[in-house]
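S.K.: predicted model follows, preceded by the sequence.
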Amino acid sequence: MRHLLSVCDMDDVVALLDLADDYKAGEIPGKVLEGKTLAMIFEKSSTRTRVSFEVGASQLGAQPLYLSASDLQLGRGEPIADTARTLSRYVDGIMIRAIRHSDVVELASESSVPVINGLTDLEHPCQALADMQTVREKLGDFSGRLVFVGDGNNVCNSLLLITAMLGMDMDVACPPGYEPDTEITGMAEKIARKSGSEIRVLHDPREAVDGADVVYTDVWVSMGYEEETEERLKVFRPYQVNSELMKLASPDAIFMHCLPAVRGQETTSEVIDGPQSVVWDQAENRLHAQKAIMHWLMG
Ligand code: CP
Ligand code: NVA
């Protein structure tokens, strides 16, 4: 039995990408999860993760169960470990979007069914897999360089790990104090040394984006950080991915964003709604990538 708590839990990223492509192409017949149930716990809002898991699970023959944390006894203080032990007796897999990564680790340690991380403060592995499916679809391979501009948060952390595993170069351009997690960066650097890719964490977005093949950004105010909005809007201002910054990237560069986006903050309408943007394919690929993940863990 396996869990997907971190990108590092994917033993074979390429095999998962191939499976996701097969699902996208409609090449996997049959319902591999017939008769199974997936519990989906949400401590935070979601559009893409919720709907793609729910639709994906039913397309695989499983019954998805949406559970808002505030409606569960969890929201009234029932321990996460007891929630894990209870749900394990009913369902065949648990997907959770949690505030704290440590809660997901604890849930998994007490669960006898696979646990899938649907975003924590530390990582967003399902997003990273769909993103790499999109990169391969658009660029053909991982020989290019991905530049993440903005907050070195969960999405950035998972991208550092998955690009390193696939041998793709990645740069991060973030304000001082908003660097990706140091432990994750260290792990990614170790993986990159083996796979032959390079990682740089910079503070100048123009230096980073120069010649980039993929320019990726995320919101300046992630869920749970709303109290810091005023400070963040000031600090991140020079990191907006606009047409001027995109001009420094390769002429064939693609623009990516995990969504939801705030036009006028981390990017502009000209970029996200423009010809280089692949954000809707990226959102679609969440469905195919998650079907691959559920197939792998629960099939
Ligand atoms: N990208 C992503 O996870 O979107 P949601 O918050 O809508 O699930
Ligand atoms: N970094 C964002 C990603 C949302 C999918 C957040 O945590 O809110």
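M.R.: Arrived safely. Numbering: from 1, shown residues only. Ligands and ions are numbered 1, 2, ... in the order given.
S.K.: tell me where the stretch 51-200 of the chain has helices.
M.R.: 80-88, 101-110, 125-139, 154-166, 182-195 (DSSP state H, counting those that start in this stretch).
S.K.: got CSV for these, with mean neighbour count and distance to ligand 2 too?
M.R.: From N, CA and C alone the C-beta is placed, and that goes for glycine too. Formatted as CSV, those follow (neighbours: other C-beta atoms under 10 Å; distance: least, C-beta to the nearest ligand atom, whole Å):
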stretch, mean neighbour count, distance to ligand 2
helix 80-88, 18, 19
helix 101-110, 20, 12
helix 125-139, 24, 7
helix 154-166, 27, 5
helix 182-195, 16, 14
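S.K.: closest one to ligand 1 among those helices?
M.R.: helix 125-139 (5.4 Å; C-beta to the nearest ligand atom).
S.K.: helices or strands next to that closest one in the packing?
M.R.: When contacts are defined as 3 or more C-beta pairs under 8 Å, 6 or more residues apart in numbering; DSSP states H and E, helix 125-139 packs onto helix 13-24, strand 115-117, helix 154-166, strand 214-217, strand 254-257, helix 279-298.
S.K.: does ligand 1 sit close to the third one?
M.R.: In other words, helix 154-166. No: applying C-beta under 6 Å from any ligand atom, one finds helix 154-166 out of contact with ligand 1, separated by at least 7.7 Å.
S.K.: export that helix to PDB, keeping only CA atoms.
M.R.: The C-alpha trace of helix 154-166 is given here as PDB (Å, rounded to 0.1, in the frame of the first residue of the first chain):
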ATOM      1  CA  ASN A 154       3.500  24.600  -2.100                       C
ATOM      2  CA  VAL A 155       3.200  24.700  -6.000                       C
ATOM      3  CA  CYS A 156       6.800  25.800  -6.400                       C
ATOM      4  CA  ASN A 157       8.100  23.200  -3.900                       C
ATOM      5  CA  SER A 158       6.500  20.400  -5.800                       C
ATOM      6  CA  LEU A 159       7.700  21.700  -9.200                       C
ATOM      7  CA  LEU A 160      11.300  21.800  -7.900                       C
ATOM      8  CA  LEU A 161      11.100  18.100  -7.000                       C
ATOM      9  CA  ILE A 162       9.300  16.900 -10.100                       C
ATOM     10  CA  THR A 163      11.500  18.800 -12.600                       C
ATOM     11  CA  ALA A 164      14.600  17.500 -10.800                       C
ATOM     12  CA  MET A 165      13.200  13.900 -11.100                       C
ATOM     13  CA  LEU A 166      12.600  14.400 -14.800                       C
END
